[in-house]
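A.B. asks: A predicted structure for the sequence below; I have some questions about it.
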Amino acid sequence: MKPLMSRRLILFPMLVIFVVLFTGGSAFFEKRNFKHQEADVRGDISTLEESEISEESVMSPLNPNFRQSMVWIPGGEFWMGSSNKTVLDAQPVHRVHVDGFWMDQYLVTNQDFAEFVDETGYITIAERRLDPKDHPDLPPELLEPGSIIFSPRIERPDLGISGSAYWRWQAGANWRHPEGPQSDLRGRELMPVIHVSYTDAEAYAKFRGKRLPTEAEWEFAARGGLDRKPFSWGTEFRPAGKFMANTWQGNFPYFDSAEDGFKGLSPVGSFPPNGYELFDMTGNVWQWVSDWYRDDYFREFAKLAVARNPRGPDKAENELDPSLKKRVQKGGSYLCTDAYCSNLDPAARRHGDIWSGSPQVGFRLVTSDPKNASQAEKRKFSQINTEL
C-alpha cells in the first residue's frame with residue numbers, strides 16, 4: 001500500500017484536532033492524495049448545456065463581459081506580511097517589489113470551468129477513482145471518487161466529536177456536484193468553481209494560456225493600493241455597517257444568519273471591488289497561488305532591503321509529513337467570521353495539498369503577457385503604455 005494512503009487510515013482517530021476548523025478540513029482529508037496522473041481525455045464527460053443556464057445568470061451582476069475581463073495591476077513596492085500575532089507564518093513584514101501583471105477581475109466560475117471540461121474532456125482529481133491494486137488495505141468507500149463537504153454536527157466531547165464534526169468525506173462530491181451526487185450546478189453557474197485541486201487549477205490555466213499568481217502578486221493585488229490594512233478594503237470590517245465580502249454571520253459552525261445576503265457561496269462580483277477593481281479578494285473562497293508553502297519562508301527576507309518578484313520556496317517542506325506537497329492559499333472564505341478569523345487579512349496564509357480540493361477553495365488567473373488579456377483590456381494596456 002502506498003504511504004500516502006496508509007496515513008489516511010492511521011490519521012482517522014486524529015479528526016478531533018481543532019486545527020481542522022482553521023484549515024478547512026484539508027489537514028485530514030488530504031490523505032486521499034495519490035500520485036499525479038495526466039488528465040484523461042474522454043468523450044463521455046457531461047457538462048453544462050446552454051439550456052441549463054438561467055436567464056438571470058448569463059452575465060455577472062456587475063460586468064456583462066466578466067469572463068474575459070482582466071485588470072492591469074501596475075506593480076510596485078509594498079509591505080508584505082502581517083504583524084498580527086495570529087498569523088505567525090506571515091511574519092516578519094518585509095518590503096517586496098512585483099512587476100506589473102494582468103489579473104482576472106473575477107474568480108473562475110462553474111460556467112468557465114465547464115467550458116474547459118467540455119473542450120478538453122478533463123477529469124478533476126475528485127472525479128477519479130483510486131486503483132485498489134495500489135491501495136489494497138483501503139475500504140471500498142474510500143477508493144471511490146469524492147471530496148470533503150462542510151457538514152457541521154453538534155459537538156459531543158464525551159463522544160470524541162469536536163472539530164472534525166464540521167467536515168466529512170462525501171463520495172461523488174466534485175466541482176459539478178458540490179454537495180454530492182444529488183446536487184448540481186443549476187443556479188450556481190456564476191458561483192466560483194470549488195472542489196478543484198491545485199493540479200486541476202494548473203490544467204485550467206494552461207488551457208487559458210495564463211498562470212496562477214505568485215503569493216506576492218496576489219497579496220499586492222488584494223491590497224488594492226492600501227498600506228498594511230487588515231482588510232482588502234481598509235481598516236473596518238463593516239465600514240458604515242456595509243458588508244464588503246461573503247463571510248459567516250451567526251453561531252459558527254451551526255447557523256449562518258446570512259445577514260450579508262448569502263448562505264454559503266455567492267455569485268462572483270456580489271460585493272464591492274477593491275482599489276484595483278478586483279472582486280472577491282476577501283471571503284467567498286480561498287484562492288490557490290503558485291508558491292510552495294513553508295511556514296518560515298518570510299524570514300528569508302528579513303535582512304533584504306527589497307525582495308523582487310519572490311516566487312516562493314524552491315520546494316515544499318513538511319517536517320511532520322514530508323510526502324505532502326502543499327501550496328499556499330489566500331483570501332479567506334465564506335466560512336470565516338469577524339469574531340475569530342484573522343484569515344481575512346490579505347497577508348494571511350493557508351496551505352493545501354496539491355492533489356486535494358475543498359468546498360471553500362477556488363482560484364483566479366494572471367498573465368504577464370498582454371496577448372492573453374481580452375481585446376478591451378489590450379487596448380487599455382496600450383493606452384497605459386502611451387501615457388507612461
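C.D. replies: In hand now; what should we look at?

A.B. asks: can you tell me the SS state at residue 114?
C.D. replies: helix (DSSP: H, G, I helix; E, B strand; the rest coil).

A.B. asks: whoops, residue 149 was the one
C.D. replies: Residue 149 is classified as strand under three-state DSSP.

A.B. asks: give the contact list for the closest residue to it other than its chain neighbours.
C.D. replies: Spatially, and ignoring its direct neighbours in sequence, residue 149 is nearest to residue 170 (4.5 Å; Cβ to Cβ, 6 or more residues apart in numbering). No exception for glycine: its C-beta is placed from N, CA and C like everyone else's. Listed by Cβ atoms under 8 Å, 6 or more residues apart in numbering, the contact set of residue 170 reads 146, 147, 148, 149, 151, 179, 180.

A.B. asks: how close does residue 170 sit to residue 131?
C.D. replies: 21 Å (Cβ to Cβ, to the nearest Å).

A.B. asks: residue closest to the middle of this protein?
C.D. replies: residue 287 (2.6 Å; Cα atoms, centre = their mean).

A.B. asks: part of a helix, is that one?
C.D. replies: No: counting by three-state DSSP, one finds residue 287 to be strand, located in no helix.

A.B. asks: which strand residues bridge it?
C.D. replies: Taking DSSP bridges, one obtains residue 330, residue 362 as the residues bridged to residue 287.

A.B. asks: re earlier: which of the residues in the host helix or strand of the residue nearest to residue 149 are buried?
C.D. replies: For residue 170, the host element (DSSP states H and E) is strand 167-171. Buried residues in strand 167-171, counted by 16 or more other Cβ atoms under 10 Å: 167, 168, 169, 170.

A.B. asks: strand partners of that strand, parallel vs antiparallel please.
C.D. replies: strand 146-150 (antiparallel).

A.B. asks: quick revisit: could you single out the nearest of the contacts of residue 170 to residue 199?
C.D. replies: Distance to residue 199 across those (Cβ to Cβ) is lowest for residue 147, with 13.8 Å.

A.B. asks: for residue 152, give its distance to residue 168.
C.D. replies: For residue 152, the distance to residue 168 - Cβ to Cβ - is 10 Å.

A.B. asks: dump stretch 251-268 to CSV, keeping only the CA atoms.
C.D. replies: Output in CSV follows, covering the C-alpha atoms of stretch 251-268 (Å, rounded to 0.1, in the frame of the first residue of the first chain):
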residue,chain,number,x,y,z
ASN,A,251,-23.2,30.9,15.5
PHE,A,252,-20.4,29.2,13.7
PRO,A,253,-20.5,26.4,12.5
TYR,A,254,-24.1,25.6,13.1
PHE,A,255,-26.1,28.7,12.0
ASP,A,256,-25.3,31.2,9.3
SER,A,257,-27.8,34.0,9.5
ALA,A,258,-26.9,35.2,6.0
GLU,A,259,-27.1,38.9,7.0
ASP,A,260,-24.8,39.6,4.1
GLY,A,261,-27.4,38.2,1.8
PHE,A,262,-25.8,34.8,1.2
LYS,A,263,-25.7,31.5,3.0
GLY,A,264,-22.8,29.6,1.6
LEU,A,265,-21.1,30.7,-1.6
SER,A,266,-22.2,33.8,-3.5
PRO,A,267,-22.0,34.6,-7.3
VAL,A,268,-18.8,36.3,-8.2
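
A.B. asks: show the pLDDT at residue 322.
C.D. replies: Here the pLDDT value assigned to residue 322 is 67.

A.B. asks: for residue 331, same thing?
C.D. replies: Reported pLDDT for residue 331: 96.

A.B. asks: next one: residue 280
C.D. replies: pLDDT, read off for residue 280, is 98.

A.B. asks: residues in contact with it?
C.D. replies: 106, 107, 192, 245, 246, 268, 269, 270, 271, 331.

A.B. asks: low-confidence ranges, the stretch 1-150 of the chain, go.
C.D. replies: 1-68, 135, 138 (pLDDT under 70).

A.B. asks: could you pull out the helices in the chain for me?
C.D. replies: Listed in chain order, the helices of the chain (DSSP state H) span 3-10, 19-22, 26-29, 110-120, 198-208, 215-223, 375-387.

A.B. asks: strands of the stretch 51-200 of the chain, start to end?
C.D. replies: 70-73, 76-80, 94-98, 101-104, 146-150, 167-171 (DSSP state E, counting those that start in this stretch).
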